[in-house]
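In: Sequence and predicted model, in that order:
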Amino acid sequence: MAKDANCELCSEERITPWLFEDDNFFVAMCASCDLPMVVLRDHRVDLTDGEVASMREVLATEAKKYFEEKPFFIDELMRQIPDHKHMHARRRPQVPNF
Ligand SMILES: [Zn+2]
Ligand SMILES: [Zn+2]
């Protein structure tokens, strides 16, 4: 597993609650967004389709519990740390009813 000493995600600091972990990924509350976030335990973004599918699956499982069945979506945009694979689960915005 590759680690980058300057990477916040590699440090795996448990400053927020962790919801899930296995050898490949962990799901923790994001310190910036306060939302569930799945993180690869390796400093890279070149994942296989299978790895991406597994990450979506573990995040969706935890997000369902966290959002208590309210609608959410998986946001794969990596704004602050573009070189370490992670995804957020975010509440799906309500459709404006005008
Ligand atoms: Zn990293
Ligand atoms: Zn975040």
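Out: Looks like it came in fine. Numbers count the residues shown, from 1 in each chain. Ligands and ions are numbered 1, 2, ... in the order given.
In: Name the helix or strand for Gly50, please.
Out: According to DSSP states H and E, Gly50 maps onto helix 49-66.
In: Can that helix be said to contact ligand 2?
Out: No: interface with ligand 2: helix 49-66 contributes nothing (Cβ under 5 Å from the ion), its closest point being 12.4 Å away. Just so you know, the C-beta spots here come from the backbone N, C-alpha and C atoms, and that holds for glycine as well.
In: can you map out the helices along this structure?
Out: Taking DSSP state H as the test, the helices found in the chain are 8-11, 49-66.
In: For the chain, which residues score under the pLDDT cut-off?
Out: Filtered on pLDDT under 70, the chain yields the residue ranges 94, 96-97.
In: So the spatially closest residue to Ser32 that is not a sequence neighbour versus Asp42, what's the distance?
Out: Closest residue to Ser32 apart from its sequence neighbours, by Cβ to Cβ, 6 or more residues apart in numbering: Gln80 at 7.0 Å. Here Gln80 is placed at a distance of 18 Å from Asp42 (Cβ to Cβ, to the nearest Å).
In: what about the two, which has more around it?
Out: Using other Cβ atoms under 10 Å, the more surrounded residue of Gln80 and Asp42 is Asp42, with 18 against 11.
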